[in-house]
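1. turn this into a structure:
(2 chains)
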Amino acid sequence: MCNWKPDRKTAPLVSNLLTLNSPGFSALYLLLISFVLLVSHPLIAQATPTPRAIVNKANLASFYPGNDGRSDARMTITDSQGRVQRRQFTLLRRNISNSGDQDMMIFFSRPADVRGTVFRVAKHLSTDDDRWIYLPGLDLVKRISAGDKRTSFVGSHFFYEDVSGRNPDLDNFSLVEQTEAHWLIEATPKQQEGVEFSRYQVWINKASHLPVKVDFYDHGDSLYRRLEVLKVETVDGFPTAMTSRMSDLNSNANTLLEFRFAAYNLGLPKDIFGERSLRTPPRQYLKRPER
Amino acid sequence: MIAAVATIDYASARSYESGTLKNNYGHKKQIEVSDSNSDWDDGWTDDSWDNQDSRFWKWSGYTELAFGYRLQEDPLIGDSRNSLGELRQQIELTHSAIVWQFSAKADLIADSVTEEFELDLRKAEFAWSPSPAWDLKLGSQVLTWGTGQYLFVNDLFPKDWQSFFAGRDDEYLKAPAIALKASYFSHRFNLDLVWLPEFTSDRYITGERFSFFSPDTNMQVAPEPHFDADEPDNSELAIRLFKTFDTIEAAIYGYRGYWKTPSGLDQVGTAYHPRLNVVGASLRGPVSRGIGNVEMAWYDSKEEPGGNTARTPTNQFRLLLGYEQEIAARLTAAGQFYLEWLQDYEQLEQPRPSLYNSDEYRQVLTFSLRYRTLQDRLILHWFSFYSPSDRDYFLKPSAHYRINDHWQLTAGLNIFGGDSPHTTFAQMEKSSNSYVRVRYQY
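-> As a prediction, the model looks like this:
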């Protein structure tokens, strides 16, 4: 199908062409229509997506599915000596705009010392994120200053930025290769200062647009960090990375991140992303979806 | 690893390109399949990870052993250098439904300093939302608001200074109170209304664990029986109106009650809690690369009508300015400036000129550094108070190591000092202590 539709400006031109009967104009008309069909045909448009366009789609597929979403999540953090710690939490997310600002809340339920702790993020693309944490023992809502996004998220091997999404504007992208199933994109940070990697390579599935593997190289250009997506499921129509693992290849430590009871387009109200939900979690939206 | 990658139809892929995230994938149940089942075998089988029903009793708790050792002897307290020595058992129980929740938390403490068993009911609250705009919380609960770090301007809920100075967990800086908290939320404003049917004082220094300076006898004391002022039988009321404007959080506060420590003295020399009304305001929001806050309050100290009081605190204007910023990865620095401006200072000085009167402009500066390392398992924290007007200080460094999900180890120092014997921190000089705590939680 052709997705091209005449807009207000071109519509009179098109209708004029349609009403002209001279053979010359008919030929021109046919030529024009063929051209429009040709350039607007998605197969052709898809044949040469720019690396940035691929990354944009991957960003949308990874961090913006639906207008909003929820999921239970669990992290299994294994250190270099095989010792295991866990975190369990429920995530609520709401998009303010696609590829743009987002509201997020994370409600911790395990282990016992973090039960009832709530983390709230107002993610902004153009300014620093706003972050709050609620400490139930003190009934304290603490505002957290914007921090280095490439430090551990709740003690795991995932960075804050791995969970909330790295702004694609921060990197330059090039297409290294493509197979039938994947694009391999290389990203180099526009500013090397302030990040611990010199480049990363990301394998993006062509069908789901989800990154399935990311390899990070340090400033000495040795591979030191890897994200692998181990399981993807389609939830409410959106391919979702249900299991992924972030490995620190130097120490052989890793964190397994698993999602369960994910759901999208729940109609989460804007209001629930606020101080009220820090102190009194919105339990009607935290409950698990009936499947 | 990815074993199978199914193809996807063209219309679905197209929907991403156009940016309209429509439900086009419904017919594909699984696109990429892991060749190995994830490891679901875990130690958390008792929780709700596999359970659809979230309505059930949850319980947790910990056992903690804590020791505190005085850095110097306090002859007023006795030979023992123990400032802390306790085995604490905490149990927390929660039952949740969609619109209500009951939770209770109690500590049973075997205390070697007081040589007593104690039950501290930290929480026994029933919370429910009678309408979409209202949240109610009734029962024994910990309450906090305001913008300061260890400094309180508009938060007149009870604090536990003994715990704070002895090196217990930060959680114990706040003491519970029986209260009804009603919260109203709307697009125009939000409101917290807290009614404490019975006045609940701070847990102040009594001479039991730490000695203190008595301005009436002009000396350091640790009275026996321990200092314990009568508490008014009346209620307390606290109000907060708050709203977030873009990224700035603004609040207006009100309080009607009593001074939280017995700072008044009647004609026969008995300490009591004088009447107090407070109005204040605060702002908090991003400033430069960090978070800035400003908070102020007017403390209106009321004479009892027809009362036979010898001394009541003067009115005060209190101001707090704060700033916090992550100055390097995982390293956060923060500073605060705090002012207590005593009003009608001449009237305070006239009847009772004393070396030991408070400064007209008591100022406190705080500085803190917090460093997270070892995958957030080790937290090093420096917190210091310094008063240029009182020329005294309180240094509070600590290290917290989270060994695993069960074991935690905390060690720290509380070091007090100053030039004059009577000022807030200097009077605690002989209470300077070191402490260590080991906690097992489940």
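
2. show me what the one helix or strand residue A:246 maps to is packed against.
-> If you go by DSSP states H and E, residue A:246 is part of strand A:238-248. On a contact count with 3 or more CB pairs under 8 Å, 6 or more residues apart in numbering or on different chains; DSSP states H and E, strand A:238-248 meets helix A:51-63, strand A:223-235, strand A:253-264. Any C-beta I mention is one placed from the backbone N, CA and C, and that applies to glycine too.

3. just the buried positions in it, please.
-> Judged by neighbour count using 16 or more other CB atoms under 10 Å in any protein chain shown, the buried positions of strand A:238-248 are A:238-248.

4. near residue 67, how many other residues are there?
-> No chain was given, so I picked chain A. Using other CB atoms under 10 Å in any protein chain shown as the criterion, residue A:67 is surrounded by 16 other residues.

5. try chain B instead
-> 18.

6. which SS class is it?
-> Three-state call for residue B:67 (DSSP: H, G, I helix; E, B strand; the rest coil): strand.

7. and it, how far from residue B:172?
-> Per CB to CB, to the nearest Å, residue B:67 is found 16 Å from residue B:172.

8. do the same with residue A:127
-> 37 Å.

9. make CSV out of the helices and strands packed on strand A:238-248 and add distance to chain B.
-> Formatted as CSV, these follow (distance: least, CB to the nearest CB, whole Å):
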stretch, distance to chain B
helix A:51-63, 5
strand A:223-235, 4
strand A:253-264, 6
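
10. which residue ranges of the stretch 251-400 of chain B form strands?
-> Secondary structure of the stretch 251-400 of chain B (DSSP state E, counting those that start in this stretch): strands located at B:264-266, B:271-272, B:275-287, B:290-302, B:309-311, B:316-328, B:331-342, B:361-373, B:378-387, B:392-395, B:398-402.

11. show me what residue A:189 bridges to in the sheet.
-> Residue A:189 has these beta-bridge partners by DSSP bridges: residue A:171.

12. going along the chain, name the helices of the stretch 51-200 of chain A.
-> For the stretch 51-200 of chain A, the helices defined by DSSP state H, counting those that start in this stretch occupy A:51-63, A:160-164.

13. mind giving me the packing neighbours of the longest one?
-> When contacts are defined as 3+ CB pairs under 8 Å, 6+ apart, helix A:51-63 sits against strand A:171-178, strand A:182-189, strand A:199-205, strand A:238-248, helix B:10-17.

14. next, the angle strand A:223-235 makes with that helix.
-> 60 degrees (axes from the mean of the first three to the mean of the last three CA atoms, to 10 degrees).

15. what comes up buried for helix A:51-63?
-> A:51-52, A:54-63.

16. looking at these, which is nearest residue A:171?
-> Nearest to residue A:171 among those is residue A:55, at 8.0 Å by CB to CB.

17. what's the pLDDT at that closest one?
-> With respect to pLDDT, residue A:55 scores 95.

18. residue A:172 is in contact with that one, correct?
-> No: look at residue A:55 against residue A:172 with CB atoms under 8 Å: they stay out of range, at 10.2 Å.

19. close to chain A, is the helix or strand encompassing residue B:136?
-> Using DSSP H and E, residue B:136 maps to strand B:134-141. Yes: using CB under 8 Å from any CB of the partner chain, a contact is recorded between strand B:134-141 and chain A, made by B:135, B:141.

20. so for the next helix or strand after that strand, what's the average pLDDT?
-> Using DSSP H and E, the helix or strand that follows strand B:134-141 in sequence is helix B:161-166. Helix B:161-166 shows a mean pLDDT of 96.

21. just give the nearest non-adjacent residue to residue B:285, would you?
-> Distance criterion CB to CB, 6 or more residues apart in numbering or on different chains; nearest residue to residue B:285, sequence neighbours excluded, is residue B:248 at 3.7 Å.

22. who's the one you found bridged to?
-> Under DSSP bridges, the beta-bridge partners of residue B:248 are residue B:245.

23. that one contacts residue B:284, doesn't it?
-> Yes: assessed by CB under 8 Å, residue B:248 is found in contact with residue B:284 at 7.2 Å.

24. which one of those two has more residues nearby?
-> More neighbours surround residue B:284 than the other of residue B:248 and residue B:284, with 21 against 13 (other CB under 10 Å).

25. so that one touches residue B:145, yeah?
-> No: if you go by CB under 8 Å, residue B:284 and residue B:145 don't touch, sitting 11.1 Å apart.

26. on that earlier part again, between residue A:127 and residue B:172, who's got more neighbours?
-> Set side by side, residue A:127 and residue B:172 show more neighbours around residue B:172, with 22 against 11, by other CB under 10 Å.

27. who touches the more buried one in this structure?
-> Applying CB atoms under 8 Å, 6 or more residues apart in numbering or on different chains, we find residue B:172 in contact with B:160, B:163-164.

28. what's the closest of those to residue B:82?
-> Lowest distance from residue B:82 to the contacts of residue B:172 (CB to CB) belongs to residue B:163, with 15.2 Å.

29. just say helix, strand or coil for the residue nearest to that closest one when sequence neighbours are not counted.
-> Nearest non-adjacent residue to residue B:163, counting by CB to CB, 6+ apart: residue B:172, 3.7 Å away. State at residue B:172, reduced to three classes by three-state DSSP: helix.

30. residue B:172 and residue B:160, how far apart?
-> Counting by CB to CB, the gap from residue B:172 to residue B:160 is 5 Å.

31. can you list contacts of stretch B:289-301?
-> Residues from elsewhere that reach stretch B:289-301, judged by CB under 8 Å, 6+ apart: A:128, A:143-146, B:146-148, B:153-154, B:253, B:259, B:274-286, B:312-326.

32. run the chain-centre distance for that stretch.
-> Here stretch B:289-301 is found 16 Å from its chain centre; the criterion is CA atoms, centre = their mean, to the nearest Å.

33. how about stretch B:402-413?
-> Centroid displacement of stretch B:402-413 relative to its chain, using CA atoms, centre = their mean, is 20 Å.

34. contacts for that stretch?
-> Residues from elsewhere that reach stretch B:402-413 (CB under 8 Å, 6+ apart): A:83, A:85-86, A:111, A:113, A:155, B:71, B:167, B:169, B:376-378, B:395-401, B:432-442.

35. which intervals of chain B have sub-threshold pLDDT?
-> B:1-55, B:304-310, B:348-354 (pLDDT under 70).

36. domain assignment for it?
-> Following automatic domain parsing, one gets these domains for chain B: B:1-40, B:58-441.

37. the strand holding residue A:246 pairs with which strands, parallel or anti?
-> Partners of strand A:238-248 in the sheet, by DSSP bridges, are strand A:223-235 (antiparallel), strand A:253-264 (antiparallel).

38. domains in chain A, as residue ranges please.
-> Structural domains annotated on chain A: A:11-47, A:51-286, as defined by automatic domain parsing.

39. tell me how far the ends of the last one are from each other?
-> Distance between the two ends of domain A:51-286: 37 Å, counting by CA to CA, to the nearest Å.

40. gap between it and the chain center?
-> 7 Å.

41. distance of the residue lying closest to residue A:210 once chain neighbours are set aside relative to residue A:83?
-> Spatially, and ignoring its direct neighbours in sequence, residue A:210 is nearest to residue A:61 (5.2 Å; CB to CB, 6+ apart). For residue A:61, the distance to residue A:83 equals 34 Å [CB to CB].
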